[in-house]
Structures are given as C-alpha cells and as structure tokens.
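> Generate a structure from the sequence data that follows.
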Amino acid sequence: MNQGARKKKKIPVTEIKEGAILMKDGSLKGVLMIGSLNFSLKSSEEQEAITYRYQEFLNSLDFPIQILVSTRKFDVSDYLKTLEQKRVEQENELLKIQTSEYIDFVKNLSQMVNIMSTYFYVIVPFTQSIEKQATGLIEKMKKSFGKKNGETKLPTFQQMRAGLWQRMEYISSGLSACSLKTVALNDDELVELLYKMYNPGARERPVINV
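Numbers count the residues shown, from 1 in each chain. Down below sits the predicted model:
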C-alpha cells in the first residue's frame, strides 16, 4: 500500500469544554481516572467483598461505559538531562561520583527493561438518542425543555453536561464502595489523553523531583 492510499484517522471530537468531550454526533463523554488497588494483599474475605460490590455496581448500571487501560513506555531522556545538569553543578566530589553512577544505572535499566506506566480510565457517555429510548423520558424532556412550533427543544450543553455529571458521580460512588478512588479529567488532561490515544508512539514523560 502506498502512502497516498493511506487514510488519515478522523477524530470524531468537536470540542473539549468544561471537562466534557463534545462528539460530532452531538453526544458528550466524560473521563474518570481510576486509582489502583493491590487486590492480592487483601484477605480472602476482603477480596470476596470487593468482587461482590463490583459485581453489584456493574449490574446496577443502566447505561454503557467503556473501560480503557493505557500503557506507555517512559521517556527518561529529560530526566537524564536534569541529572546530568545536577551532576555538573555539584561541588561535592563524592556526590558528583554518586550522581554519575546513578545516571549510568538509569541508562542501563532503561535499555534492559521497558519502564512502563499503566493508567485506568472509565469513559462515560451521555447521548441524546439513548436518553430518548428510556420509558417516559420524552415526556419529561418536553416538560423540562418546553416546546416550540410543536416540537421538543433539544437540551442545551449545560443540561446535557449536568446529566453527564450525574452519571459520573454515580460511577465514582459505586467504585468508591469497591475501594477505588476516581478523579474526573479536566480539559487539559482530556486533551493530553486524546493526543496519546491518537499518537500511540508518544512516550510517557515521568515527573520526578531530583
């Protein structure tokens, strides 16, 4: 296949606004980052309880969700540059030698082992067409949004965002019962996540204080 025949990936996103992703089909999506849980260190009773609560949480959902696992390789080049600068500025010869040895250790480790970072997300949708399928919801929308020329008005962005946030709060509460912490991504974090999703070759840059 020649390069001219290749098709560029079309991003189905219109805008990122107030912590929500506006899709070209008119729907919204919110993203929750999920903290990790060391399940293996729990007792058998705790494991059973967490598993049961998670099962209950999934069975309670009346809308779809998407679970995303993102694993990327760390790019330690900036970190090594920072260490090298610290080594040059170091006046204590012993500390300078130790810093050099540590730089060599990090270089060798990054060459021998793929240093990976893994993040877990829950993508929450809020779609107008899906909401219309719920029993009696059309009548509720008519009352809420009113009529114009005999037709139901479409909900505004703020109204749809409120519905999306209710779903995200429900998911956060359900996962909290499973001992999992959640954080809603803001606009900048959503942009970064989408960039990494559509640029799989991008590497994770660690934030390490030295």
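
> How many neighbouring residues does the nearest residue to Ala20 once chain neighbours are set aside have?
In this structure, Ala20 finds its nearest non-sequential neighbour in Leu28, 4.8 Å apart by C-beta to C-beta, 6 or more residues apart in numbering. Yep, even glycine has a C-beta here, placed from its N, CA and C like the rest. Leu28 sits with 23 neighbouring residues when counted by other C-beta atoms under 10 Å.

> List the beta-bridge partners for Leu28.
Beta-bridge partners for Leu28, by DSSP bridges, are Leu22, Phe126.

> Would you confirm that it contacts Gln166?
No. In this structure, Leu28 is not within contact of Gln166 by C-beta atoms under 8 Å, at 12.0 Å.

> Now do the buried residues in stretch 182-199.
Buried residues in stretch 182-199, counting neighbours by 16 or more other C-beta atoms under 10 Å, are found at 182, 184-185, 190, 193, 196.

> Next: stretch 23-34.
For stretch 23-34, using 16+ other C-beta under 10 Å, the buried residues are 23, 27-34.

> picking up where we left off before, from the buried residues of stretch 182-199, which has minimum pLDDT?
pLDDT is lowest at Lys196 among those; the value there is 82.

> my guess is that one meets Lys73, correct?
No. Lys196 is beyond contact range of Lys73, at 11.6 Å (criterion: C-beta under 8 Å).

> Give the burial count for Ile67, as a bare number.
Residue neighbour count, defined by other C-beta under 10 Å, stands at 9 for Ile67.

> Skipping its backbone neighbours, what lies nearest it in space?
Computed as C-beta to C-beta, 6+ apart, the closest residue to Ile67 that is not its neighbour in sequence is Val122, at 5.9 Å.

> Equivalent analysis for Ser179, please.
Leu37 (5.7 Å).

> Surely that neighbour is in contact with Ser176?
No. Counting by C-beta under 8 Å, Leu37 does not reach Ser176; the two are 11.5 Å apart.

> what do the two both touch?
Residues touching both Leu37 and Ser176 (C-beta atoms under 8 Å, 6 or more residues apart in numbering): there are none.
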